[in-house]
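[1] Return a 3D structure for these sequence lines:
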Amino acid sequence: PFTAPCAINPPTDRYYWYKLGTRSEVVTRTVTYPEAVINGALNGCTLQNGWCVTSPALALNASEPVAGYAITLIEGARNGEAFACNGASCDVPLLEGENNFTFWALSSWGDSSRMGTLTARVDTQPPLVNGEISGTPGEAGWYVSPVTVRASASDPQPGSGIQALTYALNGGAWTPYTAPLTVSDGVHSVTFRAADAAGHSAEASASVRVDTLPPQVDASLAGEQVNGWYLSQVTLSASASDPSAGSGLARIEYAPDGGAWQSYAVPVTFGGGTHTVQVRAIDMAGNLSEPAWLTFRVDGTAPRIQLSDAWYIWQTGEVKVSDEGSGLAGVEIQIRDPQGRWQKVVRAYEVNGGSFSTTIAWDRTFADGTLAPIGTYDVMVTARDLAGNESRETAHIIISAPGVTPAPLPTRRVEPVETRIPQPQTTDNCPLM
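    Below is the predicted model:
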């Protein structure tokens, strides 16, 4: 007979027999116990545009509701790759990109939980921005041609992908980048910004300095000038400027008479001769100006006079004049009384070329018709070149007394005296004032 309940261990579907009186009967009963449970949650995910922009983990927790039994193992797969954790809890880190999880728990009773799923996307890396600058490089970091600026962007794989690429030129508004940019003269700043689908952004900036315009140079000459010739010396002065949007003036150079380029700092002086000088300016970017050409002639040397020192009235003197600079313009010979008593004799010669020669003979007659008495008279030769330089030489004509034996004449030569005093136009036998 049935007297009291009996415990069945472990719990399962069982058959029970019991007696009531003298009659036996079999009774079948089904007992259902609760199954193991597993839960999955995403921890550490900062969500932005549907993407985790931090590094999260899948937290799994399982439980066994039947007393006396416990969860022994959690299993699952991440993107098709199996994983397993002992015990009732487990943290599985997520990978960059798409993450597809399936998971379940196993109990010591021998059963398992239902399978759980979770899907999440992770992008913790900002995009990359690449830029390229192309143009003709000059000096000091300047470009001497228009510059093309190109940009590209990429997102580290497996990422969320590039969503936008924009640029800001010279601090202006952000504009979608669709084609390379071209910038010309001036200093420019360009910033490119790339954004991915997860909301990350990255920037790259560049400064571009462009100077395609050459500087301007001016050169001038200073000095006294006659008939296209400068007297004595010439001073060359130079100045230059660079356009306002340019790189600025670096230096001025000059090349004298086909020689090497030299740095110009202060005015330069040139002496006698025919000179050709080039002057140019260079800016900081290395642009060269068109050279300024100056051709000029300098003659600071008076003509050279060779004259007999003295001769008697029955003799003739000899004069030779030469000029190696601008060339002779005229020669004048004067015969005069040292005491100024009678009107002097003036003989003027127009001369072309670099040399002149003649003999000097005198019939003792002054310009006013006076016949010169016994004595010594001055002969003055003045030579003038085309540049206005003058030189002067003096000699003597001697009229001796009849019957007096002439004394030997001196042979000393006097070097020419160089002057540049203006002379009035004269003709033969006209007084010189």
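[2] so who does the spatially most central residue of the chain touch?
    For the chain, the residue sitting closest to the mean C-alpha position, by Cα atoms, centre = their mean, is residue 285 at 2.4 Å. Applying Cβ atoms under 8 Å, 6 or more residues apart in numbering to residue 285 gives the contacts 138, 139, 140, 142, 143, 144, 209, 211, 246, 247. The C-beta positions use only the backbone N, C-alpha and C, and glycine is treated the same way.
[3] Just the buried residues of the residues you listed.
    Listed as buried from the contacts of residue 285 are 138, 142, 143, 144, 209, 211, 246, 247; burial here means 16 or more other Cβ atoms under 10 Å.
[4] tell me the least confident of these?
    Minimum pLDDT across the buried ones among the contacts of residue 285 is recorded for residue 246, with 91.
[5] my read: that one touches residue 215, true?
    Yes: when contacts are counted by Cβ atoms under 8 Å, residue 246 is listed as touching residue 215 (7.1 Å).
[6] What ranges does the stretch 301-433 of the chain have for its strands?
    Secondary structure of the stretch 301-433 of the chain (DSSP state E, counting those that start in this stretch): strands at 304-307, 310-312, 317-322, 328-336, 345-350, 355-360, 375-385, 390-399, 417-419.
[7] where does the chain have low pLDDT?
    Within the chain, the ranges that satisfy pLDDT under 70 run 1-27, 410-433.
[8] thinking again about what came up before, quickly list what's touching both of residue 246 and residue 215.
    283, 287.
[9] From residue 382, how far out is residue 348?
    Distance of residue 348 to residue 382, given as Cβ to Cβ, to the nearest Å: 10 Å.
[10] which one of these two has more residues nearby?
    Comparing residue 348 with residue 382 by neighbour count (other Cβ atoms under 10 Å), the higher total belongs to residue 382, at 23 against 19.
[11] bridging residues for that one?
    Beta-bridge partners for residue 382, by DSSP bridges, are residue 332, residue 392.
[12] tell me the contacts of it?
    Applying Cβ under 8 Å, 6+ apart, we find residue 382 in contact with 331, 332, 334, 390, 391, 392, 423.
[13] just the buried members of those residues?
    331, 332, 334, 390, 391, 392.
[14] and of those, the nearest to residue 196?
    The shortest gap between residue 196 and any of these belongs to residue 390, at 90.8 Å (Cβ to Cβ).
[15] ok, back up a step: need the overlap of contacts for residue 348 and residue 382.
    Joint contacts of residue 348 and residue 382 (Cβ under 8 Å, 6+ apart) are 331, 332.
[16] Using PDB, write out the CA atom coordinates for stretch 59-79.
    C-alpha atoms of stretch 59-79 as PDB (Å, rounded to 0.1, in the frame of the first residue of the first chain):
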ATOM      1  CA  ALA A  59      29.000  40.000 -22.300                       C
ATOM      2  CA  LEU A  60      27.400  36.600 -22.100                       C
ATOM      3  CA  ASN A  61      25.700  35.300 -18.900                       C
ATOM      4  CA  ALA A  62      23.900  32.000 -18.500                       C
ATOM      5  CA  SER A  63      22.000  30.300 -15.600                       C
ATOM      6  CA  GLU A  64      20.600  26.900 -14.800                       C
ATOM      7  CA  PRO A  65      17.200  27.100 -13.100                       C
ATOM      8  CA  VAL A  66      17.100  23.500 -11.800                       C
ATOM      9  CA  ALA A  67      18.500  23.200  -8.300                       C
ATOM     10  CA  GLY A  68      21.600  21.300  -7.900                       C
ATOM     11  CA  TYR A  69      22.800  21.900 -11.500                       C
ATOM     12  CA  ALA A  70      25.000  24.500 -13.000                       C
ATOM     13  CA  ILE A  71      26.200  26.000 -16.300                       C
ATOM     14  CA  THR A  72      29.400  24.300 -17.300                       C
ATOM     15  CA  LEU A  73      30.300  25.900 -20.700                       C
ATOM     16  CA  ILE A  74      29.300  28.700 -23.000                       C
ATOM     17  CA  GLU A  75      29.900  28.200 -26.700                       C
ATOM     18  CA  GLY A  76      29.400  30.200 -29.800                       C
ATOM     19  CA  ALA A  77      30.800  31.500 -33.000                       C
ATOM     20  CA  ARG A  78      32.000  35.000 -34.100                       C
ATOM     21  CA  ASN A  79      31.800  35.500 -37.800                       C
END
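[17] now the strands for the stretch 151-300 of the chain?
    Residue ranges of the strands in the stretch 151-300 of the chain, as given by DSSP E, counting those that start in this stretch, are 162-169, 175-176, 181-183, 186-196, 201-210, 216-222, 225-226, 229-231, 234-241, 249-256, 262-264, 268-270, 273-283, 292-299.
[18] quick one, which of those strands is nearest to residue 30?
    Nearest to residue 30, of the strands of the stretch 151-300 of the chain and by Cβ to Cβ, is strand 186-196 at 56.9 Å.
[19] and that closest one, which strands flank it?
    Using DSSP bridges, strand 186-196 pairs in its sheet with strand 162-169 (antiparallel), strand 201-210 (antiparallel).
[20] Could I get the buried residue list for the longest one?
    When burial is assessed from 16+ other Cβ under 10 Å, strand 201-210 yields the following buried residues: 202, 204, 208, 209, 210.
[21] of all those, which comes closest to residue 267?
    When the buried residues of strand 201-210 are compared against residue 267 (criterion: Cβ to Cβ), the nearest one is residue 209, at 32.6 Å.
[22] list the contacts for that closest one?
    141, 142, 143, 186, 187, 188, 247, 285.
[23] For the nearest residue to residue 154 once chain neighbours are set aside, give its distance to residue 157.
    Nearest residue to residue 154 in three dimensions, chain neighbours excluded: residue 128, at 5.1 Å (Cβ to Cβ, 6 or more residues apart in numbering). To residue 157, residue 128 is 11 Å away according to Cβ to Cβ.
[24] Likewise for residue 36?
    From residue 36 to residue 157 the distance is 38 Å (Cβ to Cβ).
[25] quick one, which of the two is more surrounded?
    More neighbours surround residue 36 than the other of residue 36 and residue 157, with 24 against 9 (other Cβ under 10 Å).
[26] got the contact list for the more buried one?
    62, 63, 64, 65, 71, 105, 106, 107, 109, 111, 112, 113.
[27] Cross these against helices and list the overlap.
    If you go by DSSP state H, the contacts of residue 36 have nothing in helices.
[28] Now the buried members of those residues.
    62, 63, 64, 71, 105, 106, 107, 109, 112, 113.
[29] could the residues you listed go into CSV alongside distance to residue 307?
    Output for the buried ones among the contacts of residue 36, formatted as CSV (distance: Cβ to Cβ, whole Å):
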residue, distance to residue 307
62, 134
63, 138
64, 142
71, 137
105, 135
106, 137
107, 142
109, 146
112, 139
113, 137
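[30] which one among those residues gets closest to residue 89?
    Proximity of these to residue 89 (Cβ to Cβ) peaks at residue 62, which lies at 7.4 Å.
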